[in-house]
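**Q** After the sequence you'll find the predicted model.
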Amino acid sequence: MVIIQVSVDINASIEKVWNIISDLDNEPKFWKGTKEVRNISKDENIVNREITIVFRNQKCLQKVMLHPKEKIEAVFRKGIIKGTKTINLNEKSDMVQLETIWNIKLSGMMSMFTGMVKKHIQSGTEQALQSIKQEAER
């Protein structure tokens, strides 16, 4: 398993940060590794969707669970990525710490690209959190 952990402090309210990250349809705007999102079903705070990732235009099925103003859990259920991406919100006096933790592995023959893909995910996550920070601090 590959574990990637990235965090950033944001000078904004938890509501503002939550409104940005919980807009799941807008994910490709911040997460450059996500090319396209297609929602399959939604039941309250659970969304089943298909995402197309930039790496070889691969499609992955995800179950996304929204825990308002606390965290978003995305479980990769089918595709080249297996595992989870969790985005946590932690309120700290007058700011919010936004943290993303990936706990994933690449399936099948793709496992030989794990090192390369890990670097891309790490870099993409750092860039995404900085973009979210800039949007929230406007």
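**A** Right, received. Where do you want to start? None of the values given here were measured: they were computed from a predicted structure.
**Q** List of residues touching the longest helix seen in the chain?
**A** For the chain, the longest helix by residue count, based on DSSP state H, is helix 114-136. The contact list for helix 114-136, computed with CB atoms under 8 Å, 6 or more residues apart in numbering, reads 2, 4, 6-8, 10, 12, 16-17, 20-21, 29-33, 55, 96, 98, 100, 102, 104-106, 110. C-beta coordinates here come from the backbone N, C-alpha and C atoms, glycine included.
**Q** contacting residues around the residue nearest in space to the middle of the chain?
**A** Closest to where the C-alpha atoms of the chain average out (CA atoms, centre = their mean) is residue 85, at 5.6 Å. The contact partners of residue 85, taken as CB under 8 Å, 6+ apart, are 73-74, 76, 100-102, 104.
**Q** now with 10 Å?
**A** By CB atoms under 10 Å, 6 or more residues apart in numbering, residue 85 lies in contact with 4, 31, 62, 64, 72-76, 100-104, 121, 125.
**Q** CA-only coordinates of the helix or strand containing residue 100 in PDB, if you can.
**A** Using DSSP states H and E, the element containing residue 100 is strand 95-106. Only the C-alpha atoms of strand 95-106 are listed here, as PDB (Å, rounded to 0.1, in the frame of the first residue of the first chain):
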ATOM      1  CA  MET A  95      -8.100  28.800  10.500                       C
ATOM      2  CA  VAL A  96      -8.700  25.400   9.000                       C
ATOM      3  CA  GLN A  97      -6.200  22.600   8.500                       C
ATOM      4  CA  LEU A  98      -7.100  20.700   5.300                       C
ATOM      5  CA  GLU A  99      -5.400  17.300   5.200                       C
ATOM      6  CA  THR A 100      -5.600  14.600   2.500                       C
ATOM      7  CA  ILE A 101      -4.500  11.100   3.200                       C
ATOM      8  CA  TRP A 102      -4.200   8.500   0.400                       C
ATOM      9  CA  ASN A 103      -4.100   4.800   1.300                       C
ATOM     10  CA  ILE A 104      -4.000   3.100  -2.100                       C
ATOM     11  CA  LYS A 105      -2.400   0.500  -4.300                       C
ATOM     12  CA  LEU A 106      -2.400   0.000  -8.100                       C
END
